[in-house]
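Engineer: pasting the structure only:
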């Protein structure tokens, strides 16, 4: 229950709020100011089997040629290609068989002119050989073979270093590792790899109206969705989330929880822009550190802010679920990527399509419009989802992605080609 | 070291191999036969915080309306919209202030005509009210307010059930859960969710030439890349991988390891198509169960096979790293998705672009061509990567995605529009 004093305090806040943010930062400006102060965390060494999705913290150059020796790329007979010139069905050429070589067998064979060694794909080429005549152009006659087609030197052979040359820079610092990258590292013999530490993220939800999922709802209560969508996004982005629960709208509990959460690298408070909290949270952040921005020219997500307590980043996200998600994508995700040391990769897959309906915006503000994709015969139609509020999380579940309406326009006309960021 | 008998055996195999697969299955046919026998694993209940990326094993319908009550969508004064008709700057209308209501405050207020209640976004609308007049169109005069702009009934109000109606089917069985889905479940009060069990996958690499990353290489040896790229793909796809290591090319060790690995739900053997193994692996699979297909009309990846030992699926993947990856994507991934109960989702994001160079293929075979994307002013250029072998894993690391050349063509002409599957 609110005390009369608290209500009075809140109503005073309302008047401040009624006027909106006195100045709204532009997204790029706010992001620049934020990222300038975000530091990349130190690196740690992990086992190859644990590095998928982690961000590489070192340049990886090949310590070895791949393949490390000339080897057969086909099954057949290794020989000197130049000895086969002129061979044909009508004019077979004869080679003496000196033995056979299998993958993994150490190299103890060499050949001279008109000698051949039976060889399987992956096996090292005998000394003196430079090509492989495939079985289908060879007739086996006991100690000898007939070759009925010429093979040029180099044919059906993987040369040493053909895939990777020793000292080639293969994977760059800052890359988020995919399965094929892990495979490549294994092929190079790498078993331990230096990656950025995973940022630890404390998540706090504020609001007297919030209830944890699984509990029952009172008359004016709603469930806390933000803690769980934020936790999931942090996981997806390579952070280690930890829930600090729902904090009542109370200066002392909020300050205590924020201070506790500062043992993490990042603290995310959602609902911080509801009336009471809107005052408390910035106040608390100012007390324990400083605010970088608060209030951004974007929709949804205007009441977003960020600050620092020492090296720890504190985010203030809107209470509305969809606004919280876009604010996260716009500010938290790039910050986590910088902490991880991630570089130069696109955050979303993008497709282009034709806008099926005009969408309006405000000059100077960046809008995020949720859209659905409707592929037609000739083109991709991009349909803006009709949504009233930034609370409507079903719109995100139904959407295939979103279109950004940049600051310098008042909207995008029907029929324009737009770029869709896919979820 | 190979015994003379083994070498003799191998050479006999070579001759079989020289002729290639006596029949190659078409991809669709092979996949159909495989998936027909793959069973969806049972479901398990997990906590909401653990369900990201898992596959939903139940239809989720809303147990509650969202929002669960009519609430303010803006800050201002809750009132009867019809009472404001005619209001303007020159003709303000007067309302008596009856109190205030905050988010989370239980509803104990009601209003009559020309009464208003101060209200903050998210707070429940007092009984009798149907609209919110925003602060910017209101002048506060102590006990009274002046409203200077009309608001229609319903304006600035989120109606009960506006986002979600009780019993709406929101998330369908078979969906892989994204952050926004987790947020939506939280908003609905769900704290435990039924998801498909993660398939356990045993991974075996075979080949006398293979060495574990981190160890040093002998003359004819190469590092085992497949175990690690397969492990990473299994993780990405929601399985629980476990490495069973490198097995020498020996019937007994291989059979023993396969039998041990059958405690998992799936066994993946790579390198099974090298000479000796090519014989042993299908032989072993036939002994412990049966083979569904072996040899597929695709490139890379032709020497791919699959079989069953009871309910357990056994995959035989090629030894060449890139071939193993495409064979995995083509057969293992759909099988894991079926085991997880995943439904109807696109495996890759796709973009369209113009092919910069002709790519040739063979009629009746499906080719996977690795490509790089080069965005130009007008269009997206799709450049096939020049690669000689299917061992060249750097080609996958450099590629942005791949283009499929279907069975019914002999290639795709330069300048054609193609669909690229993005990595």
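Structural biologist: Here it is on my side, so go on. Here the structure is a predicted model, which is why all the values come from computation and not from measurement.
Engineer: Next SSE downstream of the lowest-mean-pLDDT helix or strand in chain A?
Structural biologist: Within chain A, no helix or strand scores below helix A:4-18, which has a mean of 39 by mean pLDDT, DSSP states H and E. Next helix or strand after helix A:4-18 toward the C-terminus (DSSP states H and E): helix A:27-37.
Engineer: Could you list the paired strands of the following helix or strand past that following helix along with their orientation?
Structural biologist: Reading on from helix A:27-37 to the C-terminus, the next helix or strand found by DSSP H and E is strand A:43-47. Sheet pairing of strand A:43-47 (DSSP bridges) gives strand A:192-196 (antiparallel).
Engineer: Buried ones in the strand it pairs with, by neighbour count?
Structural biologist: Using 16 or more other C-beta atoms under 10 Å in any protein chain shown as the test for burial, strand A:192-196 gives A:193, A:194, A:195, A:196. Glycine gets a C-beta too; all of them are placed from N, C-alpha and C.
Engineer: how far away is residue A:300 from residue B:292?
Structural biologist: To residue B:292, residue A:300 is 51 Å away according to C-beta to C-beta, to the nearest Å.
Engineer: And for residue A:196?
Structural biologist: Counting by C-beta to C-beta, the gap from residue A:196 to residue B:292 is 43 Å.
Engineer: what's the answer for residue A:290, then?
Structural biologist: Counting by C-beta to C-beta, the gap from residue A:290 to residue B:292 is 64 Å.
Engineer: Pick out whichever of the two has more residues nearby.
Structural biologist: residue B:292 (23 against 12; other C-beta atoms under 10 Å in any protein chain shown).
Engineer: Which pLDDT value belongs to the more buried one?
Structural biologist: Residue B:292 carries a pLDDT value of 96.
Engineer: okay but it is in contact with residue B:34, surely?
Structural biologist: Yes - counting by C-beta atoms under 8 Å, residue B:34 is a contact partner of residue B:292 at 5.4 Å.
Engineer: What is the helix or strand hosting residue A:373 packed up against?
Structural biologist: Using DSSP H and E, residue A:373 sits in strand A:366-375. In terms of contacts (3 or more C-beta pairs under 8 Å, 6 or more residues apart in numbering or on different chains; DSSP states H and E), strand A:366-375 is packed against strand A:298-299, strand A:380-384, helix A:394-398, strand A:401-405.
Engineer: Can I get the ones you listed in TSV including mean neighbour count and distance to residue A:223?
Structural biologist: Below are the helices and strands packed on strand A:366-375 laid out as TSV (neighbours: other C-beta atoms under 10 Å in any protein chain shown; distance: least, C-beta to C-beta, whole Å):
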stretch	mean neighbour count	distance to residue A:223
strand A:298-299	20	24
strand A:380-384	19	27
helix A:394-398	20	14
strand A:401-405	20	24
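Engineer: And the ones you listed: which comes nearest residue B:312?
Structural biologist: Comparison of these against residue B:312 by C-beta to C-beta identifies helix A:394-398 as nearest, at 35.6 Å.
Engineer: Let me know whether the closest one sits next to chain B.
Structural biologist: Yes - judged by C-beta under 8 Å from any C-beta of the partner chain, helix A:394-398 comes into contact with chain B at A:394, A:396, A:397.
Engineer: Pull the number of nearby residues for the residue nearest to the second one when sequence neighbours are not counted.
Structural biologist: What sits nearest to residue A:396 in space, not counting adjacent residues and going by C-beta to C-beta, 6 or more residues apart in numbering or on different chains, is residue B:180, at 4.0 Å. Burial of residue B:180 is recorded as 23 neighbouring residues (other C-beta under 10 Å).
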